[in-house]
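Engineer: Would you be able to build a 3D model of this:
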Amino acid sequence: MTEAMADPVDIYNWLRLDARTTTSGQPTQAQFDEIAALGVREVINLAPATSEKALKNEAEILAALDLRYTHIPVDFQNPTEEDFDRFREAFEGASEAATHVHCIANYRVSAFVYLYRISAGMEEARARADLEKIWTPNPVWAAFIERMQTRNSAR
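Structural biologist: Numbering: from 1, shown residues only. Below is the predicted model of the structure:
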C-alpha cells in the first residue's frame, strides 16, 4: 500500500492489520474511493446483501474502481466452516495484493481474520489483541471460534 496515503479515519471500525491487509465495517461509496487510493486491489465482503446497512450496488462500485470483489455472505447468527473456508480461499487467492475485508461492523471479519492468522502460525495473543480491538465475540461467535480452533488443530 502507498505509504503517502494516511488510513481513513471515518470508516466504522477501521483496522489496519499489516501493510497488505485492512478491515472495517461497511464503507460508503466515497469511502471505497479512499480505500482504492490506498492501493487496495481486492475487497472481500462478508456481509449479506440483505443487511440493512449493505451497500446495494457494491459489486458495480468496486468494478468501476477496478477492484476485484469477492462476496461471501455470512449469516451473523450462523457462521459456518464453509464460510470460513471460502474466506481463506479468497484471502489466500489475493496473494500479495493489498486487500480490504469488511462486513457491516467488522465483527464477522475480525473473527475470521483471527482464525486465519492463528492457523497461519501467528501467536494467539497477538491475533486476539486485534480481534478485541473490534469486539468481544458474542456466544454464537465464541462457540464458532472454538469449533474452528478444534477443527484446525485436528488437521
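Engineer: Sticking with the closest residue to residue 67 other than its chain neighbours, tell me its helix or strand.
Structural biologist: Among residues not flanking residue 67 along the chain, residue 43 sits closest, at 5.3 Å (Cβ to Cβ, 6 or more residues apart in numbering). C-betas here are computed from N, CA, C, even on glycine. Here residue 43 is covered by strand 42-45, with elements defined by DSSP states H and E.
Engineer: What pairs with that strand, parallel or antiparallel?
Structural biologist: strand 68-71 (parallel), strand 99-102 (parallel) (DSSP bridges).
Engineer: contacts for the helix or strand just after the last one?
Structural biologist: What it means is strand 99-102. Going down the chain from strand 99-102, the next helix or strand is helix 107-119, by DSSP H and E. With contacts defined as Cβ atoms under 8 Å, 6 or more residues apart in numbering, helix 107-119 is touched by 15, 17, 21, 23-24, 46-47, 74, 76, 79, 83-84, 87-88, 91, 101-103, 124, 126-128, 130-131, 133-135, 137, 141, 144-145, 148-149, 152.
Engineer: Stretch 76-95 now?
Structural biologist: For stretch 76-95, contacts defined as Cβ under 8 Å, 6+ apart pick out 41-42, 44, 46, 68, 70, 72, 74, 99, 101, 107-108, 111-112, 115-116, 119, 140-141, 144, 147-148, 151.
Engineer: and if you look at stretch 134-145?
Structural biologist: 13, 15, 23, 76-79, 105-107, 110-111, 114-115, 131.
Engineer: go with 10 Å
Structural biologist: 13-15, 23-25, 74-81, 83-84, 105-115, 118, 128, 131, 146 (Cβ atoms under 10 Å, 6 or more residues apart in numbering).
Engineer: Give me the buried subset of those.
Structural biologist: For the contacts of stretch 134-145, a neighbour count by 16 or more other Cβ atoms under 10 Å gives the buried set as 13-15, 23-25, 74, 76, 79, 83-84, 105-115, 118, 131.
Engineer: so who does the spatially most central residue of the chain touch?
Structural biologist: Nearest residue to the geometric centre of the chain (Cα atoms, centre = their mean): residue 101, 2.9 Å. Contact partners of residue 101, counting by Cβ under 10 Å, 6+ apart, are 15, 17, 21-24, 42-46, 70, 72, 87, 90-91, 94, 108-110, 112-113, 116.
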